[in-house]
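**Q** Starting from these lines, generate the structure:
(chains A and B)
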Amino acid sequence: MDAIETNELTRSFGGRTAVDGLTLSIPVGSVFGFLGPNGAGKTTTVRMLSALIAPTSGTARVNGYNIGVDNEAIRGSIGILTETPGLYDRLSAWQNLVFYARLYDVDARRAAAQTERYLRDLDLWERRNDKVGGFSKGMRQKLAIARALLHEPQLVFLDEPTAGLDPEAARTVLNFVKTLRREGRTIFLTTHNLPEADELCDLIGVFKTHLLRLDTPDHLRAELFGRGVEVRIAGDSAAYLAAARALPFVHGVAAKNGNLQVSLDDPDGQSPALVQALIAAGAQIRSVEPIAHSLEDVYMELVAERHGEVQQ
Amino acid sequence: MNKVWLVLQKELRELLPQRVLLLTLSIMPLMLVVFSGFLLAQPSMAGQLPSAVSNPLMTGLTPTQIGQLIIAMQFRILLLIQPLLIPSVIAAYSVVGEKNNRTLEPLLAAPVRTWQLLLAKSLVAMLPAVAITWISGAIFVAEVALLTSPAILSTVISPGWLILMIFTTPVIVMTPIAITIMVSSRVNDPRTATQVSSFLFILLVVAFEIYGGVLVVSMTTALVVTVLLALLGIGLLWGATRVFQREVILTRWT
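**A** Below you'll find the predicted structure:
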């Protein structure tokens, strides 16, 4: 079952199209990373999926409810961390959370229990009676995340949860998101922090007005850069190019920085035969490692590709 | 109604600690009663007011009493219309302030209906205005009772005026609140919203002055006016819920 299904979801503002024909499915329990440059339409998408704004065309189902039809049910069934924490500065942490818990139809007793639970989980319990106006950015962000979870939604939208946080606060938030993942919740994560997305996400959507690619991080890496290994060889690596090319399973080979970079379909299965062939050709091999491409490489490749299309 | 109460409680928790704001809002009504008390307590000053007033209400009164009556009649009207100025500041803060403080999006993302949100925000704007007006009205009644004669007291604090003070005050403030909310939904600069009720106030002052500030309001007239203003206020508040669109609020002011 999918937590989110969209079909040709489009939103225009005047003559400008912010989201163009977005079609995707996000399975229940997965962490979906929604990546894209500023102004790509990510926040507009989140607002449509959280029933805050209506699409110009297209359809979407969120937690089984249709946007535009069951808006209040959608709003009640999801948790959302908006771009800015949006907390009431004059109220205490406790008052902020209890207010929202009650607004999400959590009864008074459970609202108090849930508030205590999340304030403790996020190390804010000692500051529960302090006005939020005096909180640091990291504390506000943690409080806003707690607010999104008080009613225990199974689908949570997190818009830039670690943006602007110091490394320690960012790590706390990240660990908390991992906890949510372990609990089996579906997470729709919008972020510019690509290492963070790489660490958390099962599924990645690269978006710039329309969806450029939707896949798992590993598949995206394989699709864009292929798989392969980097072989460190003593001496001149270029001397062994021919030996590597002669192998039928090698798709490509290049000498780079004194090493051989070899493209393979199945690095784990084919590396032993490659090593044997290179040794037979007289190479002294120091190490063999898979070629690692970060999600940032994937993102830059896709966004740059799209940028090129636009320029053309 | 539960969510209306929740939002109202939240609004009051935010508003009540703002002593300076509340004090500022109370200054005009307080000035009115202080000034009226000062004038009523100065018979010599009151006596210098126009004595050639041909109004049946003033038959048999001394020049000093005529002066006091004119002063009291003027102030009793100002007291009735001054609540127009109070709620727009709070309503504008309550709606526009949420947007400026970026607290509106999480609130709109919650399962709360527009009418619930707006009713709560209207009530929080209405309650201080009504409270301040009633308190200043009570002080004014005490001043008139203490500083003038029983004849003037019964003329100024008539049953019609009492009905207007007690029942019309809550309904008269609905109009600026509804208009403030409507304007808030439609303008890019939220400060514009607060100007509307100032304009209404000035219009009403001018209207009363045209009638010489000595209107006599019977109980029937007061009740009819109250009902009409209530209908107008309810209609405008309903209109405000139609105009206040989450989407417009979220996308226009970003």
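**Q** List the contacts of the residue nearest the centre of chain A.
**A** For chain A, A:Gly33 is the residue whose C-alpha lies nearest the centre (C-alpha atoms, centre = their mean; 2.2 Å). Taking C-beta atoms under 8 Å, 6 or more residues apart in numbering or on different chains as the definition of contact, the neighbours of A:Gly33 are A:Leu189, A:Thr191, A:Ala197, A:Leu200, A:Cys201, A:Leu203, A:Ile204, A:Gly205, A:Pro217. Placement of C-beta: from N, CA and C, glycine included.
**Q** Turn the residues you listed into JSON lines, columns for distance to chain B.
**A** JSON lines is the format used below for the contacts of A:Gly33 (distance: C-beta to the nearest C-beta, whole Å):
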{"residue": "A:Leu189", "distance to chain B": "17"}
{"residue": "A:Thr191", "distance to chain B": "18"}
{"residue": "A:Ala197", "distance to chain B": "23"}
{"residue": "A:Leu200", "distance to chain B": "22"}
{"residue": "A:Cys201", "distance to chain B": "23"}
{"residue": "A:Leu203", "distance to chain B": "23"}
{"residue": "A:Ile204", "distance to chain B": "25"}
{"residue": "A:Gly205", "distance to chain B": "21"}
{"residue": "A:Pro217", "distance to chain B": "29"}
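**Q** Let's see which of these end up in helices.
**A** Among the contacts of A:Gly33, DSSP state H puts A:Ala197, A:Leu200, A:Pro217 in helices.
**Q** so which helix or strand takes in the residue of chain B found nearest chain A?
**A** Here chain B gets closest to chain A at one residue, B:Pro111, 3.7 Å apart by C-beta to the nearest C-beta. Mapping B:Pro111 onto the secondary structure by DSSP states H and E places it in no helix or strand at all.
**Q** OK, contacts around the closest residue to it other than its chain neighbours?
**A** Counting by C-beta to C-beta, 6 or more residues apart in numbering or on different chains, the nearest residue to B:Pro111 once its immediate chain neighbours are dropped is A:Gly76, at 3.7 Å. By C-beta under 8 Å, 6+ apart, the residues touching A:Gly76 are A:Tyr104, A:Asp105, A:His151, B:Pro111.
**Q** Mind doing that once more with 7 Å?
**A** Contact analysis of A:Gly76 by C-beta atoms under 7 Å, 6 or more residues apart in numbering or on different chains lists A:Tyr104, A:Asp105, B:Pro111.
**Q** thought A:Gly79 was touching A:Asp159?
**A** No: under the contact definition of C-beta atoms under 7 Å, A:Gly79 does not touch A:Asp159, with a separation of 11.5 Å.
**Q** residues from chain B in reach of chain A?
**A** Taking C-beta under 7 Å from any C-beta of the partner chain as the criterion, the neighbours of chain A within chain B are B:3, B:6, B:10, B:13-14, B:17, B:102-103, B:105-106, B:108-112, B:246-247, B:250-251.
**Q** Low-confidence bits of chain A, can you list those?
**A** Along chain A, the parts satisfying pLDDT under 70 run over A:304-312.
**Q** Which residue would be the closest one in it to chain B?
**A** Using C-beta to the nearest C-beta, A:Gly76 is the residue of chain A that sits closest to chain B, at 3.7 Å.
**Q** can you tell me the helix or strand for that residue?
**A** Secondary-structure element containing A:Gly76, defined by DSSP H and E: helix A:71-77.
**Q** what comes up buried for that helix?
**A** Residues A:Asn71, A:Ala73, A:Ile74, A:Arg75, A:Gly76, A:Ser77 are the ones in helix A:71-77 that count as buried (16 or more other C-beta atoms under 10 Å in any protein chain shown).
**Q** just stretch A:202-222 next, same as before
**A** By neighbour count, and taking 16+ other C-beta under 10 Å as the criterion, the buried residues in stretch A:202-222 are A:203-209, A:211-215, A:217, A:220-221.
**Q** farthest-separated two in those residues?
**A** Longest distance between any two of the buried residues of stretch A:202-222 is 23.7 Å, between A:Thr209 and A:Arg221; criterion C-beta to C-beta.
**Q** what residues are up against the residue lying closest to A:Leu35 once chain neighbours are set aside?
**A** When the adjacent residues along the chain are set aside, A:Leu35 lies closest to A:Val206, with 5.1 Å between them (C-beta to C-beta, 6+ apart). In this structure, A:Val206 makes contact with A:Leu35, A:Gly36, A:Leu212, A:Arg213, A:Tyr299, A:Leu302, A:Val303, judged by C-beta under 7 Å, 6+ apart.
**Q** how about the strands in the stretch 151-300 of chain A?
**A** Under the criterion DSSP state E, counting those that start in this stretch, strands of the stretch 151-300 of chain A are mapped to A:155-159, A:186-190, A:203-208, A:210-215, A:227-233, A:252-256, A:259-264, A:285-290.
**Q** thinking again about what came up before, neighbour-wise, give me the winner out of the contacts of A:Gly76.
**A** Highest neighbour count within the contacts of A:Gly76, by other C-beta atoms under 10 Å in any protein chain shown: A:Tyr104, with 22 neighbours.
**Q** Correct me if wrong: it contacts A:Pro153.
**A** No: A:Tyr104 sits out of contact with A:Pro153 when judged by C-beta under 7 Å, with a separation of 8.5 Å.
**Q** From B:Thr103, how far off is B:Ala125?
**A** When distances are taken as C-beta to C-beta, to the nearest Å, B:Ala125 and B:Thr103 turn out to be 17 Å apart.
**Q** Sorry, wrong one. I was asking about B:Ile166.
**A** The spacing between B:Ile166 and B:Thr103, counted by C-beta to C-beta, is 35 Å.
**Q** So the two - more neighbours on which side?
**A** Ranked by neighbour count (other C-beta under 10 Å), B:Ile166 and B:Thr103 place B:Thr103 first, with 20 against 15.
**Q** That one and B:Glu247, how far apart?
**A** B:Thr103 sits 17 Å away from B:Glu247, taking C-beta to C-beta as the criterion.
**Q** go on, A:Lys142?
**A** On the measure of C-beta to C-beta, A:Lys142 and B:Glu247 end up 29 Å apart.
**Q** neighbour count winner among those two?
**A** Applying other C-beta under 10 Å to A:Lys142 and B:Glu247 shows that A:Lys142 carries more neighbours, namely 26 against 13.
**Q** Can you say which helix or strand has the more buried one in it?
**A** Using DSSP H and E, the element containing A:Lys142 is helix A:137-149.
**Q** Can you check what angle separates that helix from strand A:155-159?
**A** Counting by axes from the mean of the first three to the mean of the last three C-alpha atoms, to 10 degrees, helix A:137-149 lies at 160 degrees to strand A:155-159.
**Q** what's the offset of helix A:137-149 from the middle of its chain?
**A** 19 Å (C-alpha atoms, centre = their mean, to the nearest Å).
**Q** For that helix, list the C-alpha coordinates in PDB.
**A** Once non-C-alpha atoms are left out, helix A:137-149 reads as follows in PDB (Å, rounded to 0.1, in the frame of the first residue of the first chain):
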ATOM      1  CA  LYS A 137      17.200  27.500  16.900                       C
ATOM      2  CA  GLY A 138      18.000  23.800  17.600                       C
ATOM      3  CA  MET A 139      15.600  23.700  20.500                       C
ATOM      4  CA  ARG A 140      12.800  25.300  18.400                       C
ATOM      5  CA  GLN A 141      13.400  22.800  15.700                       C
ATOM      6  CA  LYS A 142      13.200  19.900  18.100                       C
ATOM      7  CA  LEU A 143      10.000  21.300  19.600                       C
ATOM      8  CA  ALA A 144       8.500  21.700  16.100                       C
ATOM      9  CA  ILE A 145       9.300  18.100  15.400                       C
ATOM     10  CA  ALA A 146       7.700  17.000  18.600                       C
ATOM     11  CA  ARG A 147       4.600  19.100  17.600                       C
ATOM     12  CA  ALA A 148       4.400  17.100  14.400                       C
ATOM     13  CA  LEU A 149       4.300  13.800  16.200                       C
END
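**Q** Thanks a lot, see you next time.
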